[in-house]
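Novice: 3D model of this:
(2 chains)
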Protein chains: 2
Amino acid sequence: MIIRAIGFDADDTLWHNENIFSLTHEKYRALLSAYAGPADVEPRLYATEMKNLRHFGYGIKGFTLSMIETAIELTGGRITAREIQTIIDFAHEMREQPVQLLEGAAETVRALAASRPLLLITKGDLFDQESKIAQSGLAEHFRHVEILSEKDEEAYRRVLVRHGIAPHQFLMVGNSFRSDILPVVALGGVGVHVPYHLTWAHEREGEERVADTPGVFRAERIDELPGILARLEAGG
Amino acid sequence: MIIRAIGFDADDTLWHNENIFSLTHEKYRALLSAYAGPADVEPRLYATEMKNLRHFGYGIKGFTLSMIETAIELTGGRITAREIQTIIDFAHEMREQPVQLLEGAAETVRALAASRPLLLITKGDLFDQESKIAQSGLAEHFRHVEILSEKDEEAYRRVLVRHGIAPHQFLMVGNSFRSDILPVVALGGVGVHVPYHLTWAHEREGEERVADTPGVFRAERIDELPGILARLEAGG
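Specialist: All right, here's what the predicted structure looks like:
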């Protein structure tokens, strides 16, 4: 098997992301603690996010609007304007978080870029993603950067056609089984799943099937990737 | 002069957009009328938008967060959670507005697509823009679609390099002097400015210079474009 191009997911694959959301969830639960218990907050917030996904897409701004909506609903309108301002401040704080690369990410990207074209394929808010890519210091190693609104089979198909990459010669690495692995494997490519210690429930869909899907490999850390690739190409 | 490729802006060039924002401004002023006069609301909202631009970028979600922040500030925190929910409802209503093409836009795009590659070059929220492009029914006429976070000289330079287009053979048409005309003309291209009856103050920057800038043409309606192009190429 020959892999001609490698796609990398960004959030929680190259750099930490979900930990920033997770911290905000914590602050949000604390803010609402006078009104509702944490067991009530999380399912309601998740339900609002799912309802709003088709209007707002992924990213900090949509998440913030969902936090505000949920807070109004959960408190029966008793939440104060000041508390809502605190929620908006969470958004500013999230935006200001510096990009923190995952261990081994920079070395792996640098090493693999020498052997074949790399693509950065991420989804979410264009504005958020562009500034994280610029901040990461890794942009120069990627031949192409694709920021998509959704990472499904059709979206990957379009990216591969645009860059003239045959699906069976494409390997995608990422932490989300739903967005990084499943659609690529469905197209005939190879997926390397590197779980992140925190993953949003929405992205874990289908994860339990990881063991018995052909074309799916699993790594504990991203720097196992060169080894997996070498074994794949040696036919092992 | 030979024009090898034509770029089209989308919002307020191919379809109405600012009228949706304008209507929301009206509803917003009405909502806040118990707290503040319209003369106080608009400058404060604009100031918040400018402050938030570097955090939130362009688009409905960022605009909504700015409306909420401004409302809290303007009312000294007296705005109620229900009223803030009304502001979030504005965002949902904006998203639900059907795309309305400007007069002559579909015919012009169709006619010009037969003669040379067209690019759709728009800025703003990836999610908003993709759904408007899909809804417009015009997507098939564009060789490339570029959704950018900012339309400045550097962003256009990158787009032209990526598609192998020489700047002096590129014509861009749009309603925003700041985002569609000035950067393209600075690169050596041609700009055709088609003003929209409503244009956000931020996008009007530099508009007063339109008459005396070489490489800038002005049209009242987008369907004047084939005529302008014919005259340009005939050396007129």
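
Novice: Just after the lengthiest helix in chain A, pick out the following helix or strand.
Specialist: Under DSSP state H, the helix in chain A containing the largest number of residues is helix A:38-56. For helix A:38-56, the succeeding helix or strand toward the C-terminus, using DSSP states H and E, is helix A:60-74.

Novice: who in chain A is up against chain B?
Specialist: Within chain A, the residues that sit near chain B (C-beta under 8 Å from any C-beta of the partner chain) are A:55-57, A:59, A:61-62, A:64-65, A:68-69, A:71-72, A:75, A:77-82, A:84-85, A:88, A:91-92, A:95, A:125-127, A:130, A:147-149. Every C-beta, even on glycine, is put in place using the N, C-alpha and C of the backbone.

Novice: again, only this time at 7 Å
Specialist: Taking C-beta under 7 Å from any C-beta of the partner chain as the criterion, chain A approaches chain B at residues A:55-57, A:61-62, A:64-65, A:68-69, A:72, A:75, A:77-82, A:84-85, A:88, A:91-92, A:95, A:125-127, A:130, A:147, A:149.

Novice: Buried by neighbour count, from those: which ones?
Specialist: Among these, those that count as buried by neighbour count (16 or more other C-beta atoms under 10 Å in any protein chain shown) are A:55-57, A:61-62, A:64-65, A:68-69, A:72, A:75, A:79, A:81, A:84, A:88, A:91, A:95, A:125-127, A:130, A:147, A:149.

Novice: got the domain boundaries for chain A?
Specialist: With automatic domain parsing serving as the domain definition, the record reports that chain A contains domains spanning A:5-15+A:100-233, A:18-96.

Novice: The shortest one: how far from the chain's middle?
Specialist: In this case it means domain A:18-96. 19 Å (C-alpha atoms, centre = their mean, to the nearest Å).

Novice: again, but for stretch A:79-98
Specialist: Taking the mean C-alpha point of stretch A:79-98 and that of its whole chain, the gap between them comes to 22 Å (C-alpha atoms, centre = their mean).

Novice: how about stretch A:44-63: buried residues?
Specialist: Residues of stretch A:44-63 classed as buried by neighbour count (16+ other C-beta under 10 Å): A:44-45, A:48-49, A:52, A:55-63.

Novice: Alpha carbons of that stretch, as PDB, please.
Specialist: Below are the C-alpha coordinates for stretch A:44-63, written out as PDB (Å, rounded to 0.1, in the frame of the first residue of the first chain):
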ATOM      1  CA  ARG A  44     -29.900  20.900  28.400                       C
ATOM      2  CA  LEU A  45     -26.800  22.700  27.000                       C
ATOM      3  CA  TYR A  46     -26.100  19.700  24.700                       C
ATOM      4  CA  ALA A  47     -29.700  19.700  23.500                       C
ATOM      5  CA  THR A  48     -29.500  23.400  22.700                       C
ATOM      6  CA  GLU A  49     -26.200  22.900  20.800                       C
ATOM      7  CA  MET A  50     -27.700  20.100  18.700                       C
ATOM      8  CA  LYS A  51     -30.800  22.200  17.900                       C
ATOM      9  CA  ASN A  52     -28.600  25.200  17.000                       C
ATOM     10  CA  LEU A  53     -26.000  23.200  14.900                       C
ATOM     11  CA  ARG A  54     -28.000  23.700  11.700                       C
ATOM     12  CA  HIS A  55     -28.100  27.500  12.300                       C
ATOM     13  CA  PHE A  56     -24.800  28.200  13.900                       C
ATOM     14  CA  GLY A  57     -22.400  25.400  12.900                       C
ATOM     15  CA  TYR A  58     -19.400  24.600  15.100                       C
ATOM     16  CA  GLY A  59     -17.200  27.100  17.000                       C
ATOM     17  CA  ILE A  60     -16.900  29.400  19.900                       C
ATOM     18  CA  LYS A  61     -19.600  31.900  18.800                       C
ATOM     19  CA  GLY A  62     -22.300  29.300  18.200                       C
ATOM     20  CA  PHE A  63     -21.400  27.600  21.500                       C
END
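
Novice: Show residues contacting it.
Specialist: The list of residues contacting stretch A:44-63 from outside it, by C-beta atoms under 7 Å, 6 or more residues apart in numbering or on different chains, reads A:65-67, A:69-70, A:73-74, A:91, A:94-95, A:123-125, A:128, A:149, A:201, B:56, B:61-62, B:65, B:92, B:95, B:127.

Novice: Ok, stretch A:131-139 next?
Specialist: Stretch A:131-139 is touched from outside by A:Ala10, A:Leu14, A:Trp15, A:Pro98, A:Val99, A:Leu101, A:Ala106, A:Val109, A:Leu120, A:Val145, with contacts defined as C-beta under 7 Å, 6+ apart.

Novice: any idea of the mean pLDDT for it?
Specialist: Predicted confidence along stretch A:131-139 averages 94 (mean pLDDT).

Novice: can you give me the strands for chain A?
Specialist: Counting by DSSP state E, chain A has these strands, from start to end: A:5-8, A:118-123, A:144-148, A:170-174, A:190-193, A:216-218.

Novice: now the fourth one, how far from the centre of its chain.
Specialist: Computed by C-alpha atoms, centre = their mean, the chain-centroid distance of strand A:170-174 equals 13 Å.

Novice: likewise the last one?
Specialist: The gap between where strand A:216-218 is centred and where its chain is centred comes out at 17 Å by C-alpha atoms, centre = their mean.

Novice: same for it, what does it pack against?
Specialist: With contacts taken as 3 or more C-beta pairs under 7 Å, 6 or more residues apart in numbering or on different chains; DSSP states H and E, strand A:216-218 sits against strand A:190-193.

Novice: hmm, who's touching the strand it packs on?
Specialist: A:3, A:171-173, A:177, A:180-181, A:184-185, A:210, A:215-219, A:225, A:228, A:232.

Novice: Verify the stated contact: A:Leu225 with A:Arg218.
Specialist: No - with the criterion set as C-beta atoms under 7 Å, A:Leu225 and A:Arg218 do not qualify as a contacting pair; they are 11.4 Å apart.

Novice: Can you pick out the residue with more neighbours from these two?
Specialist: A:Leu225 (23 against 15; other C-beta atoms under 10 Å in any protein chain shown).

Novice: Distance check, the more buried one against chain B.
Specialist: If you measure A:Leu225 against chain B using C-beta to the nearest C-beta, to the nearest Å, the figure is 28 Å.

Novice: A:Pro43 too?
Specialist: When C-beta to the nearest C-beta is the yardstick, A:Pro43 and chain B sit 20 Å from each other.

Novice: What is the neighbour count of that residue?
Specialist: With neighbours defined by other C-beta under 10 Å, the count for A:Pro43 comes to 10.

Novice: before we move on, what about A:Leu182?
Specialist: 23.

Novice: what does the one 5 residues further on give?
Specialist: Using other C-beta under 10 Å, A:Leu187 has 18 neighbouring residues.

Novice: so it touches A:Ile165, yeah?
Specialist: No - the pair A:Leu187 / A:Ile165 is not scored as a contact, 10.4 Å apart, by C-beta under 7 Å.

Novice: shaky segments in chain A?
Specialist: In the predicted model of chain A, residues A:199-201, A:203-212, A:236 satisfy pLDDT under 70.

Novice: again, 80 this time
Specialist: With pLDDT under 80 as the threshold, chain A has low-confidence stretches at A:198-213, A:236.

Novice: Tell me which stretches of it form helices.
Specialist: Along chain A, counting by DSSP H, helices occupy A:18-31, A:38-56, A:60-74, A:81-96, A:105-113, A:126-136, A:153-162, A:182-186, A:225-233.
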